[in-house]
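*Asks:* Kindly return the folded structure for what I paste below:
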Amino acid sequence: GPKRVMFGSDWPVALLGGTYDEAVEFFEKVLPSEWSEPERKLARSLNARRIYGV
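*Replies:* Modelled structure (predicted):
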């Protein structure tokens, strides 16, 4: 669920396959369409902040 997903990349190595913006765009496409905006925000940034203590 949305509390168990977070965005990440292996930047700068990921740039070999495309731009950072393309990676973000792909991530947005694969998020479930039924997730609310607050759930999407968890996956975009809030989960990582919680897990890494930022």
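*Asks:* Grab the longest helix from this structure for me.
*Replies:* Scanning the chain for the helix with the most residues, using DSSP state H, yields helix 20-30.
*Asks:* Please report the distance of the residue of the chain positioned farthest from its centre from Arg44.
*Replies:* Most distant from the centre of the chain: Leu16, at 18.8 Å, with distances by Cα atoms, centre = their mean. For Leu16, the distance to Arg44 equals 23 Å [Cβ to Cβ, to the nearest Å]. In this view, the C-beta of every residue, glycine as well, is placed from N, C-alpha and C.
*Asks:* Where does Arg40 fall, secondary structure wise?
*Replies:* Per DSSP states H and E: Arg40 is located in helix 37-41.
*Asks:* which SS class is the spatially most central residue of the chain?
*Replies:* In the chain, the residue lying closest to the centroid (Cα atoms, centre = their mean) is Phe7, at 2.3 Å. Three-state assignment for Phe7 (DSSP: H, G, I helix; E, B strand; the rest coil): coil.
*Asks:* quick one: buried residues of the lowest-mean-pLDDT helix or strand in the chain?
*Replies:* Here the helix or strand of the chain ranked lowest by mean pLDDT, DSSP states H and E is helix 20-30, holding a mean of 91. Within helix 20-30, the residues that count as buried by 16 or more other Cβ atoms under 10 Å are Ala23, Phe27.
*Asks:* Can you name the residues in contact with that helix?
*Replies:* Residues from elsewhere that reach helix 20-30, judged by Cβ atoms under 8 Å, 6 or more residues apart in numbering: Phe7, Ser9, Trp11, Ala14, Arg44.
*Asks:* repeat that with 6 Å
*Replies:* Residues outside helix 20-30 that contact it (Cβ atoms under 6 Å, 6 or more residues apart in numbering) are Phe7, Ser9, Ala14.
*Asks:* could you redo those as TSV and give each row pLDDT?
*Replies:* TSV is the format used below for those (pLDDT from 0 to 100):
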residue	pLDDT
Phe7	92
Ser9	77
Ala14	78
